[in-house]
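Asks: Next input, structure requested:
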Amino acid sequence: MSNEMWVVVQLDSEPLAFPATMIKEVVPWQPLHPVPSEAIGVMGLVSLRGETLAVIDLLEMTGYGVMENPSFMLVLDFSESRIGFAVTKVEGVQYFDVDNMDTNMAGGYIQGTFEKEDRLYQLINPGALEQLVSQHTDIGALLPDG
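Replies: As a prediction, the model looks like this:
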């Protein structure tokens, strides 16, 4: 049994789980600085403790809609950058036995699904999510020092 800690959030109404190891912090939503970019899903830039981050709307980037009223931002550490992701709600921490996850619906940035207490959680694949973001935008080009 391989129980791993995941942070469960909602982009709209469906639970999405990020590996806890890739989350730097969760912060309340803040006003963004617009960025002149045609990149799909880039909402703007935010400054957190002296670091400028691009903020992404994953729903828009993947063509599933637009995040209307984000309440929180997940700050995620990728291998090449740190990025903010808009989320509607942060549910908290859950433990999933990833050895028993269902990979039938895996694809894109979803590593697999896990059913727990009559809810279906989609588990994020960090590498695939980073690749998705890099396909849609050059984060470095958006940042002032990039």
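
Asks: So what's the residue count around the closest residue to residue 87 other than its chain neighbours?
Replies: Computed as CB to CB, 6 or more residues apart in numbering, the closest residue to residue 87 that is not its neighbour in sequence is residue 9, at 4.3 Å. In short, each C-beta sits where N, CA and C put it, glycine included. Residues lying near residue 9 (other CB atoms under 10 Å) number 24.

Asks: cool, residue 70 as well?
Replies: Residue 70 has 20 nearby residues by other CB under 10 Å.

Asks: host element of the most centrally placed residue in the chain?
Replies: With distances taken as CA atoms, centre = their mean, residue 85 lies nearest the centre of the chain, 4.7 Å away. Residue 85 belongs to strand 82-87 when assigned by DSSP states H and E.

Asks: Next: residue 129.
Replies: For residue 129, the host element (DSSP H and E) is helix 126-136.

Asks: What residues does the closest residue to residue 20 other than its chain neighbours make contact with?
Replies: In this structure, residue 20 finds its nearest non-sequential neighbour in residue 5, 4.2 Å apart by CB to CB, 6+ apart. For residue 5, the contacting residues are 19-21, 93-95, by CB atoms under 8 Å, 6 or more residues apart in numbering.
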